[in-house]
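Asks: Next input, structure requested:
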Amino acid sequence: MHVQRTTIADRLARRIAQLGLALCGAAFLLPVASPRLIAEEPAVSPPSNLVVDGIPAIPKSLEQRVQAYTESRGAAVLDWHPERRELLISTRFANTNQLHWVKQPGGARKQITFFAEPVGSATFEPEDGRGIILGRDVGGNEFSQLYRLDLDTGDVALLSDGGRSQNGGIEWAHDRQRMAYMSTRRNGADRDLWLMDSRDPTSDRIVVELNGGGWEIADWSPDDSKLLLIESLSINKSNIWLVDLETGKLRRITEHPENVAYGSAAFTADGKGLFVSTDLAREFLTLCHIDLESGELKVLADQLSGNVEGMDLSPDRRILMLSVNELGISRLYRFDATTEQLQPVIGVPTGIIGGGVWHSNSEDFAFSVTSARSTSDVYSWNAVSGDVERWTESELGGLVAESLSEPELIRWPSFDGLEISGFYYRPPAKFSGPRPVIINIHGGPESQARPTFLGRSNYFLNELGCALIYPNVRGSNGFGKSFLLMDNGVKREDSVRDIGALLDWIAKQPELDSQRVMVTGGSYGGYMTLACAVHYSDRLRCALDVVGISDFRTFLQYTESYRRDLRRVEYGDERDPEISAFFDRVAPLNNADKIKIPLFVVQGGNDPRVPLSEAEQIVDRVKANGGPVWYLMARDEGHGFRKKANADFQFYATVEFIERHLLNGPQP
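Replies: Numbering: from 1, shown residues only. I've put the predicted structure just below:
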């Protein structure tokens with residue numbers, strides 16, 4: 001049974017993890033001649049699916065000198081084989097992430113899928129492991145369809161409707177035959193509960209129609225008669241429901257007048273109670289128990305300091321594995337469901353833990369870990385021996401782990417006295433004098449900057465001598481639910497002022513050059529980038545907006561319907577005249593005349609979250625005002641670039657942009 005959950009923000013937005021600067025791609029127009037490009041030197045050719053507008057021709061020599069920073073890869077755990085101690089993982093060996101089989105710790109990775117599009121999810125059929133149910137979309141549109149891969153024949157069969165619907169979140173029944181999953185196929189907006197025998201697609205049926213796009217399956221009851229669902233209304237508010245599979249009736253388990261969040265939920269062994277993570281009467285998600293008959297809630301792990309961001313219950317329901325976010329670092333704990341004793345797991349590398357899946361033997365637990373000096377790799381922990389074993393050792397390309405910068409936590413007071421923090425990466429000591437700065441703002445807005453592997457962004461540190469700062473402005477996750485609410489609705493620009501306060505902090509640091517500062521970010525971080533370019537053009541050198549929102553009103557009108565109401569809770573309802581007027585006042589689109597610095601906009605043509613129109617309208621408006629704009633758009637990508645060829649060209653263009661506009665010329 002797999003009940004792993006990351007943050008509620010991840011569940012609502014289902015955002016793509018970013019390594020370093022998560023930038024977008026572009027389609028191809030004739031490149032503008034570069035003053036750096038001599039006649040004899042060839043230029044980098046963009047992939048044919050990219051649109052390139054206003055970007056100078058990029059010298060082939062740039063591609064060659066950055067190559068060592070483009071070849072790293074990571075691995076993520078997906079599932080255990082149901083009978084053998086072997087793992088199904090995701091990693092990239094060509095252009096996209098595909099499924100691989102690893103049969104022992106440190107063993108070879110055998111690739112088993114070879115699609116043009118990346119595989120987003122996968123699980124073994126639990127009866128005998130002869131089939132894999134996988135999910136993948138087309139061109140980053142996030143309309144993930146379910147397929148069955150027959151491992152005996154290699155045949156791939158479509159199980160879902162194949163249309164503009166999202167299908168996923170599979171949980172297997174204990175009978176090892178039926179899979180429950182969620183789908184938006186009924187109307188594109190509401191996420192309904194479905195059941196199917198994966199070997200008989202004709203058995204597919206809807207169990208209950210639900211309202212809203214924030215529903216997920218948490219667990220099957222021990223007797224397979226009920227399903228446990230979590231309904232997310234915002235990052236701060238969610239409910240737990242029970243579904244009777246015979247009658248299809250819903251029973252609400254939790255109801256609170258105030259904002260209360262539930263991150264994870266699972267049945268106890270006797271089926272009479274639930275293990276949950278919740279922030280009821282506290283700031284952080286904490287492990288608790290709910291009695292299903294009385295509704296009484298009991299705190300089980302009050303000594304934890306930070307959000308329980310992952311909770312996985314062993315198949316025999318005796319051990320809960322908890323991943324806890326403690327000041328941005330993940331700590332893994334074992335909770336004994338019988339004795340209620342909590343113990344830290346020893347031997348896990350320091351970093352950020354992802355995934356989390358139990359073997360059917362209830363002894364082996366697999367997870368992934370990433371850190372500033374290590375890309376994501378897969379590990380396992382054994383409940384009997386306590387041993388931690390490493391299953392993959394992903395390549396860093398030409399990078400040397402020991403040479404990569406590790407961040408320090410910095411803090412600064414904002415305009416209203418609120419303390420804001422972030423992670424500061426210093427360039428190597430070989431660079432002298434005050435260093436230029438790149439501020440990289442996370443998306444969400446309920447995500448969190450954490451000390452993760454920077455990937456390609458290490459080039460900006462090691463080779464260009466830039467300092468990197470990843471701030472956690474108000475509204476970020478990981479600092480308590482009160483902090484999360486501080487940017488909602490009409491308080492939106494308070495988070496922009498947090499960056500203004502960071503600029504004040506930078507100006508006081510003798511090792512930093514406050515005259516050479518660039519701001520960048522993806523998704524909501526893209527909005528923040530544009531807003532900072534509006535408010536602080538006199539203090540910034542340039543800005544790079546990746547799949548960013550340029551007008552909340554148009555964004556909410558055209559984002560996909562299954563996520564619209566969830567985003568309205570955070571940003572405000574554009575149908576409210578007061579909110580609509582506020583959006584008009586603060587929209588970077590309506591203040592584009594104040595953007596006086598070079599702007600680079602990156603976008604995916606199939607983005608279902610932040611529509612293509614958000615990028616097109618800000619590019620057109622800034623151009624009309626006479627501002628310099630680079631524009632890169634990929635026809636075969638969505639909310640961020642997943643294909644290596646696209647990401648590579650995006651990186652080359654980014655280096656060119658930084659050298660021209662932040663550093664004022666190529667670096668030796």
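Asks: Now residue 476: phi and psi?
Replies: In terms of degrees, to the nearest 10, the main-chain angles of residue 476 are phi -70, psi 150.
Asks: residues in contact with it?
Replies: Contacts here follow Cβ atoms under 8 Å, 6 or more residues apart in numbering; on that basis residue 476 touches 442, 444, 445, 446, 447, 448, 449, 483, 484. The way it works is simple: take the backbone N, C-alpha and C, and place the C-beta from them, glycine included.
Asks: From the residues you listed, list the buried ones, please.
Replies: Using 16 or more other Cβ atoms under 10 Å as the burial test, those include 442, 444, 445, 446, 447, 448, 449, 483, 484 as buried.
Asks: can you put the residues you listed in a markdown table and add secondary structure?
Replies: Converted to a markdown table, the buried ones among the contacts of residue 476 look like this (DSSP: H, G, I helix; E, B strand; the rest coil):
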| residue | secondary structure |
| --- | --- |
| 442 | coil |
| 444 | coil |
| 445 | coil |
| 446 | coil |
| 447 | coil |
| 448 | coil |
| 449 | coil |
| 483 | helix |
| 484 | helix |
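Asks: ok, residue 480 - how many residues close by?
Replies: 14 (other Cβ atoms under 10 Å).
Asks: Could I get the contacting residues of the closest residue to it other than its chain neighbours?
Replies: Spatial nearest neighbour of residue 480, excluding adjacent residues (Cβ to Cβ, 6 or more residues apart in numbering): residue 283 at 3.5 Å. With contact taken as Cβ under 8 Å, 6+ apart, residue 283 is in contact with 480, 481, 482.
Asks: helix/strand/coil for residue 283?
Replies: Once three-state DSSP is applied, residue 283 turns out coil.
Asks: how near is it to residue 409?
Replies: Going from residue 283 to residue 409 by Cβ to Cβ, to the nearest Å gives 19 Å.
Asks: Ok, residue 263 next?
Replies: Remark: distance between residue 263 and residue 409 (Cβ to Cβ) = 24 Å.
Asks: Neighbour count: the two, which is higher?
Replies: Neighbour tally, residue 263 and residue 409, criterion other Cβ under 10 Å: the higher count belongs to residue 263, 28 against 12.
Asks: How about that one: what's its closest non-neighbour residue?
Replies: Here the nearest residue to residue 263 in space, its sequence neighbours aside, is residue 277; by Cβ to Cβ, 6+ apart that works out to 4.1 Å.
Asks: Quick check: mean pLDDT of stretch 330-340?
Replies: Stretch 330-340 comes out with an average pLDDT of 97.
Asks: and it, C-alpha only, in CSV?
Replies: The C-alpha trace of stretch 330-340 is given here as CSV (Å, rounded to 0.1, in the frame of the first residue of the first chain):
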residue,chain,number,x,y,z
SER,A,330,14.4,16.0,5.2
ARG,A,331,14.6,13.7,8.2
LEU,A,332,13.4,10.1,8.0
TYR,A,333,11.6,8.6,11.1
ARG,A,334,10.2,5.2,11.9
PHE,A,335,7.0,5.2,13.9
ASP,A,336,5.9,1.8,15.4
ALA,A,337,2.1,1.7,15.2
THR,A,338,1.9,-0.8,18.0
THR,A,339,4.1,0.8,20.6
GLU,A,340,3.7,4.4,19.3
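Asks: next one: it to chain centre, how far?
Replies: 26 Å (Cα atoms, centre = their mean, to the nearest Å).
Asks: And for stretch 145-164?
Replies: With Cα atoms, centre = their mean as the basis, stretch 145-164 stands 25 Å off its chain's centre.
Asks: same question, stretch 290-297
Replies: That offset, for stretch 290-297, works out to 33 Å (Cα atoms, centre = their mean).
Asks: Show me where the stretch 301-450 of the chain has its strands.
Replies: 307-313, 319-326, 329-336, 342-344, 352-358, 364-371, 374-382, 388-390, 408-413, 419-425, 435-441 (DSSP state E, counting those that start in this stretch).
Asks: Reformat these into TSV and put distance to residue 164 next to each item.
Replies: As requested, the strands of the stretch 301-450 of the chain are exported to TSV (distance: least, Cβ to Cβ, whole Å):
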stretch	distance to residue 164
strand 307-313	31
strand 319-326	34
strand 329-336	36
strand 342-344	45
strand 352-358	28
strand 364-371	31
strand 374-382	31
strand 388-390	41
strand 408-413	43
strand 419-425	38
strand 435-441	31
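Asks: Residue 122 is nearest to which of those strands?
Replies: Nearest of these to residue 122, taken as Cβ to Cβ: strand 352-358 at 11.2 Å.
Asks: Show me what that closest one is packed against.
Replies: strand 76-80, strand 307-313, strand 319-326, strand 329-336, strand 364-371 (3 or more Cβ pairs under 8 Å, 6 or more residues apart in numbering; DSSP states H and E).
Asks: now what about the shortest one, what contacts it?
Replies: Think strand 76-80. Contact with strand 76-80 is made by 2, 86-91, 99, 121-124, 354-360, 364, 366-368, 376, 378, 391, as judged by Cβ under 8 Å, 6+ apart.
Asks: and with 7 Å instead?
Replies: The contact list for strand 76-80, computed with Cβ atoms under 7 Å, 6 or more residues apart in numbering, reads 87-90, 122-124, 354-355, 357, 359-360, 364, 366-368, 376, 378.
Asks: repeat for stretch 187-203
Replies: Identification of contacts with stretch 187-203 by Cβ under 7 Å, 6+ apart yields 125, 131, 133, 148, 159, 164-165, 177-184, 186, 204-213, 215, 227, 229, 243, 561-562.
Asks: which parts of stretch 604-616 are buried?
Replies: Across stretch 604-616, burial judged by 16+ other Cβ under 10 Å covers 604, 605, 606, 607, 608, 609, 610, 611, 612, 613, 614, 615.
Asks: The third one reaches residue 143, doesn't it?
Replies: I take that to be residue 606. No - Residue 606 lies out of contact with residue 143 (Cβ atoms under 7 Å); the separation is 9.2 Å.
Asks: still on that earlier bit, export the buried ones among the contacts of residue 476 to JSON lines and tack on distance to residue 340 and pLDDT?
Replies: Listed next are the buried ones among the contacts of residue 476 as JSON lines, based on distance: Cβ to Cβ, whole Å; pLDDT from 0 to 100:
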{"residue": "442", "distance to residue 340": "36", "pLDDT": "97"}
{"residue": "444", "distance to residue 340": "34", "pLDDT": "92"}
{"residue": "445", "distance to residue 340": "36", "pLDDT": "92"}
{"residue": "446", "distance to residue 340": "31", "pLDDT": "92"}
{"residue": "447", "distance to residue 340": "32", "pLDDT": "95"}
{"residue": "448", "distance to residue 340": "29", "pLDDT": "97"}
{"residue": "449", "distance to residue 340": "34", "pLDDT": "97"}
{"residue": "483", "distance to residue 340": "30", "pLDDT": "96"}
{"residue": "484", "distance to residue 340": "29", "pLDDT": "94"}
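Asks: which one of the buried residues of stretch 604-616 sits closest to residue 463?
Replies: Closest to residue 463 out of the buried residues of stretch 604-616 is residue 604 (27.3 Å), distances taken as Cβ to Cβ.
Asks: Is residue 617 in a helix, a strand, or coil?
Replies: Criterion first, three-state DSSP; result for residue 617: helix.
Asks: and if you look at residue 591?
Replies: Under three-state DSSP, residue 591 falls in the helix class.
Asks: what about the residue nearest to it when sequence neighbours are not counted, which helix or strand?
Replies: Distances taken as Cβ to Cβ, 6+ apart place residue 534 nearest to residue 591, at 4.5 Å, with adjacent residues excluded. Under the criterion DSSP states H and E, the helix or strand holding residue 534 is helix 524-535.
Asks: Cool, thanks, talk later.
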